[in-house]
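# need coordinates for the following:
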Amino acid sequence: MGLNSNRVEDFFSHSANTTVTSLKVSTEIPMPPPEEAVEVHNVCLPPKKTTFQKLKHRLSDIFFPDDPLHGFKNQTWCKKLVLGLQSLFPICQWGLHYNLKLFRSDIISGLTIASLAIPQGISYAKLANLPPIVGLYSSFVPPLIYSVLGSSRHLAVGPVSIASLVMGTMLSGSVSSTDDPILYLQLAFTATFFAGVFQASLGLLRLGFLIDFLSNATLVGFMAGAAVIVALQQLKGLLGIVHFTGKMQFVPVMTSVFDHKDEWSWQTIVMGFGFLLFLLTTRQISIKKPKLFWVSAAAPLTSVILSTILVFCIKSKAHGISYIGHLPKGLNPPSLNMLYFNGQYLALTIKTGLITGILSLTEGIAVGRTFASLQNYQVDGNKEMMAIGLMNMAGSCTSCYVTTGSFSRSAVNYNAGAQTAVSNIVLAAAVLVTLLFLMPLFYYTPNVILAAIIITAVIGLIDYRAAYKLWKVDKFDFLACMCSFFGVLFISVPLGLAIAVGVSIFKILLHVTRPNTVVLGNIPRTQIYQSLNRYKEASRVPSFLILAIESPIYFANSTYLQERMLRWVREEEERINESHESTLKCIIIDMTAVSAIDTSGIDMLCELRKILEKRSLQLVLVNPVGSVMEKMHKSKILESFGMTSMYLTVGEAVGDIAASWKPQP
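Sure, this is the predicted structure:
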């Protein structure tokens, strides 16, 4: 703020070495000694800057807080070109140092996650009401693209349950995947394209802060609610029900389960719950003993193999067990010609793309940062957005639907010892082999196994410990969590998410429009002023009311702040009258925490000063920050206040004003 630091240090050293005596204004207040003048420091304006300089600085803080071009400074053009390529394609950075030892670790982790990704890909595609083969397509192209563009070493890319559920729910509400499968595929690929465009745009324009409106509390509740709905939907497969509701709410799903009891198949139930118990047991083993991560990682593929062999052997006797049937061999067919850019469903595909894009982006970045923190390296959020967005755009043209980083597969990838994104290339290679040669082997894979795999995967999304922590720490966050959970469970997945986001935004608005104000008191024998409620040793200073505002002052809260401060004044005067203390003479507002002010805030301060003057009360402002001081100066408010009503610290204000009240000799 342009203050002279030497003068400040001299003041404090002078105060520390001065023998303090007391001059009583009342029976309580210690005042500066009569022979000692209080040293007062001026509140300075910030250095002058042009409008362009201010705009440049502000935009830099908003969009480039990490200063991404820092490494390019003082470099040759050749070096800048190399750094640019490494920035755009992270593979150019770590690929230069890649060796056989790293590849050995990556190939093991890649094959391990492939054993999990292949059955999950088939399962999640069915969750999105898409052909199972699309799930495998989505586990081939996107991992290849991410391995080139992504900055995370451990993120395992592919379809995920939440995005699959949301896409299936939103599209099925308008188009039937069974009655019009071609149109449904077109809408799914188009929604994936719009999701990718949205994600890449956020990264390119560095607007990643927009996804922060999906708070952790919101996501905890949303994922738990979605996990319950997903699990309940799988009762269709576990019980062998043929005619099942397409709705995703708790009541219709449970109603459909009991209305179709005549369709329940005991063979399917026995097989389903048997393998579900097996999958849950292996999951618990891996949780209790992380070194045995491979047990739960290999369990889904093991279940698929065993159940397929079992169904093949008893196919003539097990008529109640449905299986996948024919899956076409071959690589991803192009789907650019299937993108749907006009017609009555265009708005639906855009809306579906935006919502699934936000959810998959949030999950992917959160997972990437989680494992990056464990290995002490950085994941660039904007690069991740562009990588995920571009892989979804490319995926939409190669028969893939929305993909992102999966927490379960990434955890397996991390535990298996992945060192670089090459593990995603190995995953893609394993899926390639499966697509080219192994598809006929899935013909007799029972649908009940896919349901069991999905249930096992989504159970991990129900984080009751996080919900309990929200209750203990922040009741409002817990409310947002519960709104999200019950909204998804009883209304719908998109509306449940919208309700939770609305609650979170309401919380932000509440903090903005109703900021905190506190009364400060002096801690004896110090120049420190702190909240009277927080520090019991702090005491009121007679004839002064010292207030602190702990937020910016905007049009949205200026009226509230004026009314609240006048209420503080009224309550202080009533307290003084009851206790017969010294008359209130001065109101001090500590503006240290007021980081910004607008014209409405400035007008409020002027109006407050006029109201207090009419009541013979002096208004003093303490330590306004540089930008606030500059706006007050330009608005001419300082001329009406006068520099004698502006102080650097509360201690200087109290000392100087109290000294001016002393009777002159």
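# quick one: low-confidence parts of the stretch 1-150 of the chain?
1-38, 58, 61-69, 72 (pLDDT under 70).
# strands of the protein, start to end?
When assigned using DSSP state E, the strands of the chain occupy the ranges 157-158, 404-405, 517-522, 529-531, 544-549, 586-590, 618-622, 646-647.
# neighbouring strands for the first one, and are they parallel or not?
Spelled out, it's strand 157-158. On the basis of DSSP bridges, the sheet neighbours of strand 157-158 come out as strand 404-405 (antiparallel).
# also the fifth one?
Strands flanking strand 544-549 in the sheet, each with its direction: strand 517-522 (antiparallel), strand 586-590 (parallel) (DSSP bridges).
# off-centre distance for it?
Offset of strand 544-549 from its chain centre (C-alpha atoms, centre = their mean, to the nearest Å): 35 Å.
# show me what counts as buried in that strand.
Along strand 544-549, the positions that meet the burial threshold by neighbour count (16 or more other C-beta atoms under 10 Å) are 544-549. Just so you know, the C-beta spots here come from the backbone N, C-alpha and C atoms, and that holds for glycine as well.
# from these, which is closest to R534?
Within the buried residues of strand 544-549, distances to R534 taken as C-beta to C-beta reach their minimum at A548, with 11.1 Å.
# measure the closest one to C483 for me?
Using C-beta to C-beta, to the nearest Å, one obtains 33 Å as the distance from A548 to C483.
# just to revisit the earlier point, closest one to S660 among the strands paired with strand 544-549?
The minimum distance between S660 and these falls on strand 586-590, with 10.1 Å, by C-beta to C-beta.
# just the buried residues of stretch 514-529, please?
For stretch 514-529, the neighbour count (16+ other C-beta under 10 Å) marks 515, 517-522, 527, 529 as buried.
# re the thing from before, who wins for proximity to C78 among the strands paired with strand 544-549?
Shortest distance between C78 and the strands paired with strand 544-549, using C-beta to C-beta, is found for strand 586-590: 54.1 Å.
# ends of stretch 283-298, what's the gap?
By C-alpha to C-alpha, to the nearest Å, the extent of stretch 283-298 from end to end equals 10 Å.
# which parts of that stretch are buried?
283, 286, 293-297.
# let's see which of those end up in helices.
Using DSSP state H, the subset of the buried residues of stretch 283-298 located in helices is 283, 286, 293-297.
# farthest pair within those?
R283 and W294 (12.3 Å).
# distance check, the nearest residue to I358 once chain neighbours are set aside against G357.
Across the structure, with C-beta to C-beta, 6 or more residues apart in numbering as the measure, the residue nearest I358 apart from its sequence neighbours is I211 (6.0 Å). When C-beta to C-beta is the yardstick, I211 and G357 sit 9 Å from each other.
# likewise E384?
13 Å.
# which of the buried residues of stretch 514-529 sit farthest apart?
The largest separation in those, counting by C-beta to C-beta, is between P515 and Q527 at 25.7 Å.
# ok, now which ones touch I145?
For I145, the residues meeting the contact criterion (C-beta atoms under 8 Å, 6 or more residues apart in numbering) are 387, 390-391, 394-395.
# which of the residues you listed ranks first by neighbour count?
Neighbours here are counted as other C-beta atoms under 10 Å. On that basis the top member of those is A387, with 31 neighbours.
# that residue against Y146, yeah?
Yes - counting by C-beta atoms under 8 Å, A387 does reach Y146; the two are 5.6 Å apart.
# find the residues that touch each one of the two.
Residues touching both A387 and Y146 do not exist when contact is defined as C-beta under 8 Å, 6+ apart.
# just to revisit the earlier point, and of the buried residues of stretch 514-529, the nearest to G460?
Minimum distance to G460 across those is 39.1 Å, recorded for P515 (C-beta to C-beta).
# do you know the pLDDT at that closest one?
Residue-level confidence at P515 comes out at 90, pLDDT.
# that one: what's its closest spatial neighbour, skipping adjacent residues?
Using C-beta to C-beta, 6+ apart and skipping residues adjacent in sequence, the residue nearest P515 is S551, 3.3 Å away.
# so who does the residue nearest to V512 when sequence neighbours are not counted touch?
If the residues on either side of it in the chain are set aside, V512 comes closest to A556, at 5.5 Å by C-beta to C-beta, 6+ apart. With contacts defined as C-beta under 8 Å, 6+ apart, A556 is in contact with 509, 512-513.
# got phi/psi on A556?
phi -70, psi -20 (degrees, to the nearest 10).
# so G246 touches S174, yeah?
No - under the criterion of C-beta under 8 Å, G246 lies out of contact with S174, with a separation of 11.3 Å.
# how about the helices in the stretch 301-450 of the chain?
If DSSP state H, counting those that start in this stretch is used as the criterion, the helices of the stretch 301-450 of the chain fall at 346-374, 381-396, 407-415, 422-433, 447-459.
# looking at these, which is closest to M338?
Of all those, helix 381-396 sits nearest to M338, with 8.9 Å by C-beta to C-beta.
# and E384 and G357? Which one has more around it.
Of the pair E384 and G357, G357 is the one with more neighbours under other C-beta under 10 Å, namely 29 against 26.
# in the stretch 551-665 of the chain, mark out all the helices, start to finish.
Under DSSP H, counting those that start in this stretch, the stretch 551-665 of the chain gives helices at 558-579, 599-614, 626-634, 637-641, 650-660.
# which one of those helices has the poorest average confidence?
The stretch with the lowest mean pLDDT among these is helix 637-641, at a mean of 79.
# residues of that helix that come out buried?
637-638, 641.
# need the pLDDT of N557.
Residue-level confidence at N557 comes out at 93, pLDDT.
# quick check, it in contact with T513.
Yes - the pair N557 and T513 qualifies as a contact (C-beta under 8 Å) at a distance of 5.1 Å.
# okay, those two: which has more neighbours?
Here N557 and T513 are set side by side on neighbour count (other C-beta under 10 Å), and the busier one is N557, at 21 against 16.
# phi, psi of that one?
On the backbone of N557 - angles per degrees, to the nearest 10 - the values are phi -130, psi 0.
# for it, give me its contacts.
N557 neighbours (C-beta under 8 Å, 6+ apart): 512-515, 551.
# what does Y554 give?
Each residue near Y554 by C-beta under 8 Å, 6+ apart is listed here: 512, 596-598, 600-601.
# repeat for L276
238, 452, 455-456.
# can I get those in JSON lines including distance to P119, neighbour count and pLDDT?
As requested, the contacts of L276 are arranged in JSON lines below (distance: C-beta to C-beta, whole Å; neighbours: other C-beta atoms under 10 Å; pLDDT from 0 to 100):
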{"residue": "L238", "distance to P119": "16", "neighbour count": "23", "pLDDT": "87"}
{"residue": "A452", "distance to P119": "10", "neighbour count": "29", "pLDDT": "91"}
{"residue": "I455", "distance to P119": "13", "neighbour count": "23", "pLDDT": "90"}
{"residue": "T456", "distance to P119": "10", "neighbour count": "25", "pLDDT": "89"}
